[in-house]
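Peer 1: Need a 3D model of the following:
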Amino acid sequence: QVQLVESGGGLVPTGGSLKLSCIVSGRRLGLYTMGWFRQAPGKEREIVSRINWGGDKRHFADSVRGRFTISRDNTRNTAYLQMDSLKPEDTALYYCAGTDDSTWPPNEFHYWGQGTQVTVSS
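Peer 2: Alright, predicted model coming up:
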């Protein structure tokens with residue numbers, strides 16, 4: 001059974017940084033594309049960033065481009081989201097997701113974590 005577990009969320013002031021981690025278990029070779037999504041109260045879930053297996057393809061939402069960095073360590077079955085220059089509007093529940101779909105962008109993310117809360121105080 002594939003499981004994704006996020007960590008690294010918390011409360012930071014405006015301008016602060018956080019690094020989220022997502023560990024994938026139940027799949028020896030990991031998942032082809034990993035992504036980070038977020039959902040703020042009263043809003044729909046949105047894609048934040050995604051990265052393919054080799055790391056040569058990355059996507060960022062316009063709202064986070066230049067502030068967030070996505071990476072992965074396939075030897076550890078772990079994906080990361082480095083978030084810098086955080087703003088109050090980044091406050092949300094952040095989800096890690098993964099898929100075996102090798103198309104870019106992937107048609108669907110098949111596996112999801114439970115989420116980690118990020119709160120940015122003004």
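Peer 1: Please count neighbours and contacts with C-alpha atoms only from this point.
Peer 2: Noted.
Peer 1: how about the nearest residue to G113, chain neighbours excluded?
Peer 2: Closest residue to G113 apart from its sequence neighbours, by C-alpha to C-alpha, 6 or more residues apart in numbering: L4 at 4.6 Å.
Peer 1: for D90, phi and psi?
Peer 2: phi -80, psi -10 (degrees, to the nearest 10).
Peer 1: That one against V120, yeah?
Peer 2: Yes: applying C-alpha atoms under 8 Å, one finds D90 in contact with V120, separated by 6.8 Å.
Peer 1: check which helix or strand covers the spatially most central residue of the chain.
Peer 2: The centroid of the chain falls nearest to W36 when counting by C-alpha atoms, centre = their mean (2.3 Å). Under the criterion of DSSP states H and E, W36 resides in strand 33-39.
Peer 1: pretty sure R27 belongs to a strand, no?
Peer 2: No: R27 is assigned coil when assessed by DSSP: H, G, I helix; E, B strand; the rest coil, not a strand.
Peer 1: Neighbours of the closest residue to L86 other than its chain neighbours, how many?
Peer 2: Counting by C-alpha to C-alpha, 6+ apart, L86 lies nearest to G15, which is 4.8 Å off, once chain neighbours are set aside. When neighbours are counted by other C-alpha atoms under 10 Å, G15 registers 14.
Peer 1: My guess is G15 contacts M83. True?
Peer 2: No: assessed by C-alpha under 8 Å, G15 is found out of contact with M83, at 9.8 Å.
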